[in-house]
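In: Provided below for reference: sequence and predicted model.
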Amino acid sequence: MNAELRDILFLDIETIGMVENFNQLNERFKTQWARKASFLRRDTNQTDEDLFYERAGIYAEFGKIIVVAIGKFSETENGTLVFKTKSIAGSDEKKLLEDFKSILDKMDPAKAKLCAHNGKEFDFPYLSRRMLVNGVPLPTLLNLSGTKKWDVPHLDTMEMWKFGDYKHYTSLDLLLALFDIPSSKGLMDGSMVNTVYYKEKNLPKIMEYCIADVVAMAQLFLRMKGLPLIEEKNIVST
């Protein structure tokens, strides 16, 4: 197996608002969201309630994590490259984060690297902030408070595509289309997570979507390294 692949943990998270609607917030949080919403509002018809339902899950201060999906490359005895996936999910965010921490704690921080698409801007800091909020000690791999952005050791497929162009944002779905890699967007998209969780009560659908994103990201990583895509039969859910 390519040595670079051995120590990478690919991950993706799915997040929702901390409560289903704005009116369930206590008064302190209503005040804080109203301040936040004043900067987010693009349409005068948008209320604080509308914006909370649409946007709260994006912010670690007003959202929470309901799924962490991970994937890792390994080899079979006959040398076949396989990609093993797993998801940790549930409404108990603290337990979810403790379970994820236990996985990270088993990895060698001197060798292991985390990889996510736009992970340096979203997934990694969001995970770290929610761990602190829930009183979960940060694992070594995420304990990067005060680290300059360019010194963060993690991998980010969006950053790999930037080639130093700091202004350039490219969605995972666009890169998948560009490299002709199957996308997870046939299942749903990120804007639907809040509704699928709170209205449809369909956490398994969100888990499936999150795992599909991890698989797609790993395939993108292979292509960006000039390596062949892994065959679907060698992608294993554990």
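Out: Sure, I can see it.

In: Indicate each strand paired with the longest strand along the chain and its parallel or antiparallel sense.
Out: For the chain, the longest strand by residue count, based on DSSP state E, is strand 63-75. Sheet pairing for strand 63-75, assigned by DSSP bridges, gives strand 8-17 (antiparallel), strand 81-89 (antiparallel).

In: Ok, which of those comes nearest residue 129?
Out: Between residue 129 and these, the shortest gap by CB to CB is with strand 8-17, which sits at 11.0 Å. Backbone N, C-alpha and C define where each C-beta goes, glycine included.

In: where exactly do the strands run in the protein?
Out: Using DSSP E, strands in the chain cover 8-17, 63-75, 81-89, 113-116, 155-156, 235-237.

In: So for residue 187, which of the ones you listed sits nearest?
Out: The closest of the strands of the chain to residue 187 is strand 8-17. By CB to CB, the value is 11.7 Å.

In: that older thread, save the strands of the chain as JSON lines, and put in mean neighbour count too.
Out: Converted to JSON lines, the strands of the chain look like this (neighbours: other CB atoms under 10 Å):
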{"stretch": "strand 8-17", "mean neighbour count": "24"}
{"stretch": "strand 63-75", "mean neighbour count": "21"}
{"stretch": "strand 81-89", "mean neighbour count": "18"}
{"stretch": "strand 113-116", "mean neighbour count": "21"}
{"stretch": "strand 155-156", "mean neighbour count": "20"}
{"stretch": "strand 235-237", "mean neighbour count": "13"}
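
In: lowest-pLDDT helix or strand in this structure?
Out: Scoring the helices and strands of the chain by mean pLDDT, DSSP states H and E places helix 3-6 at the bottom, with a mean of 85.

In: rewinding a little: what's the model's confidence in the longest strand of the chain, averaged?
Out: For strand 63-75, mean pLDDT rounds to 97.

In: All further residue positions should be reported with the first residue as 11.
Out: Will do, 11 is the new start, and the previous item becomes strand 73-85.

In: give me the low-pLDDT residue ranges for the protein?
Out: Across the chain, the ranges flagged by pLDDT under 70 are 11, 158-160.

In: for it, what spans make up the helices?
Out: 13-16, 37-50, 58-65, 103-115, 133-143, 167-172, 182-188, 203-208, 213-234 (DSSP state H).

In: closest to residue 242 out of these?
Out: When those are compared by CB to CB, helix 213-234 sits nearest residue 242, at 8.9 Å.

In: Beta-bridge partners for the closest residue to residue 66 other than its chain neighbours, please?
Out: Nearest residue to residue 66, sequence neighbours excluded (CB to CB, 6 or more residues apart in numbering): residue 27, at 3.6 Å. In this entry, residue 27 is beta-bridged to residue 73, by DSSP bridges.

In: Residue 27 and residue 63, how far apart?
Out: 7 Å (CB to CB, to the nearest Å).

In: which residues are in contact with both of these two?
Out: Residues touching both residue 27 and residue 63 (CB atoms under 8 Å, 6 or more residues apart in numbering): residue 204.

In: Right, I'll leave it there.
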